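Enquirer: Curious how this folds, go ahead:
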Amino acid sequence: MKALIVEDNLSTRLIIKKTAESEGYEVLEARDGYEGWSIFQKEKDNIYIALLDWMMPEMDGLELCRRIREASVTHYVYILFLTSKRGIEDIVKGLETGGDDYMTKPFARKELVSRIRVASRISVLERKLNDANRKLHILAITDPLTGLLNRRELFRRLEKEICRASREKNHYSLIIIDIDYFKRVNDTLGHTSGDMVLIEISDRLKAALRQYDVIGRYGGEEFLIGVPGAKNESRKKIAERIRASISNKPFKIGDNKLDITISLGLTSAVPAGNKKDMPHILDAMIEKADSALYMAKNEGRNRVIEYGE
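Expert: Next up, the predicted model:
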């Protein structure tokens, strides 16, 4: 983590620098507010604490504090004012501008160390909270077994993508996938082996897709994929590539090698409508892809059928 020190007095700046370095910070120094602001703009994603002198030429600490608070940053920046001002009104003004703490000059090194440690604790707590929130977000949008998007988030993403295709007047394709004879795996080898097959299939599907394709777990052994921009034969080729990624290599489940195949139902359209129409458009496309999947099952499985063929 980096600390930004903005102080026009050299001797004071060196004392603060040595203190911050002793607490594990990499220090960035500035002699006035303008220089401090320039450094902050370049290093804002790495600066976790700013120690600002209040009274400085060009730009004072109060104005620099305002700019820091208005800046878009990835984390909270703890701001500590260092000032000779002692009046309650001045102190309140500094805190209301966005400062977190203040110290009056001259200050004792022990006190500065303690206040820097307060800033460090807050930074650590914020990182832990952000990590916890990220984990909760992932849990909220993904299927716990496969790590793919869950049904709710999948539909939200697909509606968004279909809306974009509508605005840009582009093709959008949906592929529904069902694992052939999956019940036999569960009945013969047990549900744990069935789960291992689902995980492996999910990994292979992700590897076969492009970065901007959307995939999620649609139901038990069914998956749903959204493919933007694929026209004519290209969407069929994509679906065939997905099918081959499953059937071309046996699945090693414990001591068993299984030949697993999938059936795929494909549909495509140039959607037209407003945002409020997207759920209806998505439902209609899913219904067509599901009809195509039903035909693929009836015609022998391990194949791709496009709706309308």
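Enquirer: does Leu198 really touch Glu222, like I thought?
Expert: No - here Leu198 lies out of contact with Glu222, judged by C-beta atoms under 8 Å, at a distance of 10.5 Å. Where you see a C-beta, it was placed from the backbone N, CA and C, and this is true even at glycine.
Enquirer: Which neighbours do those two have in common?
Expert: Contact with both Leu198 and Glu222 is made by residues Ile179, according to C-beta atoms under 8 Å, 6 or more residues apart in numbering.
Enquirer: In terms of neighbours, single out the busier of those two.
Expert: More neighbours surround Leu198 than the other of Leu198 and Glu222, with 21 against 17 (other C-beta atoms under 10 Å).
Enquirer: And for the helix or strand containing the more buried one, what's in contact with it?
Expert: Taking DSSP states H and E as the definition, Leu198 sits inside helix 191-208. Identification of contacts with helix 191-208 by C-beta under 8 Å, 6+ apart yields 145-148, 177, 179, 182, 185-186, 215, 217, 221, 223, 225, 241-242, 245-246, 251, 253-254, 256, 258, 260, 262.
Enquirer: and it, what's its mean pLDDT?
Expert: The average pLDDT within helix 191-208 is 96.
Enquirer: buried ones in it?
Expert: 193-194, 196-198, 200-202, 204-205, 208 (16 or more other C-beta atoms under 10 Å).
Enquirer: For Leu82, state which of the residues you listed is nearest.
Expert: Within the buried residues of helix 191-208, the smallest distance to Leu82 is 54.7 Å, found for Ser202 (C-beta to C-beta).
Enquirer: Now do the helices in this protein.
Expert: Secondary structure of the chain (DSSP state H): helices at 10-22, 33-43, 61-70, 88-97, 109-141, 151-168, 182-189, 191-208, 232-247, 278-298.
Enquirer: Tyr78 is nearest to which of those?
Expert: That would be helix 109-141 among the helices of the chain, by C-beta to C-beta, at 3.9 Å.
Enquirer: buried sites along that closest one?
Expert: Buried-residue list, helix 109-141, by 16+ other C-beta under 10 Å: 112, 115-116, 119-120, 123, 141.
Enquirer: average pLDDT for it?
Expert: 93.
Enquirer: Are there helices or strands packed against it, and which ones?
Expert: helix 10-22, strand 47-53, strand 78-83, strand 101-104, helix 151-168 (3 or more C-beta pairs under 8 Å, 6 or more residues apart in numbering; DSSP states H and E).
Enquirer: can you pull the contacts of the closest residue to Val118 other than its chain neighbours?
Expert: Among residues not flanking Val118 along the chain, Asp101 sits closest, at 7.0 Å (C-beta to C-beta, 6 or more residues apart in numbering). By C-beta under 8 Å, 6+ apart, Asp101 lies in contact with 78-81, 115, 118-119.
Enquirer: So, low pLDDT: which residues of the chain?
Expert: By pLDDT under 70, the low-scoring segments of the chain are 309.
Enquirer: mind giving me the domain split of it?
Expert: 2-139, 151-306 (automatic domain parsing).
Enquirer: related to what we said a few turns ago, next, format the helices and strands packed on helix 109-141 as JSON lines and append distance to Met59.
Expert: Listed next are those as JSON lines, based on distance: least, C-beta to C-beta, whole Å:
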{"stretch": "helix 10-22", "distance to Met59": "16"}
{"stretch": "strand 47-53", "distance to Met59": "10"}
{"stretch": "strand 78-83", "distance to Met59": "14"}
{"stretch": "strand 101-104", "distance to Met59": "18"}
{"stretch": "helix 151-168", "distance to Met59": "43"}
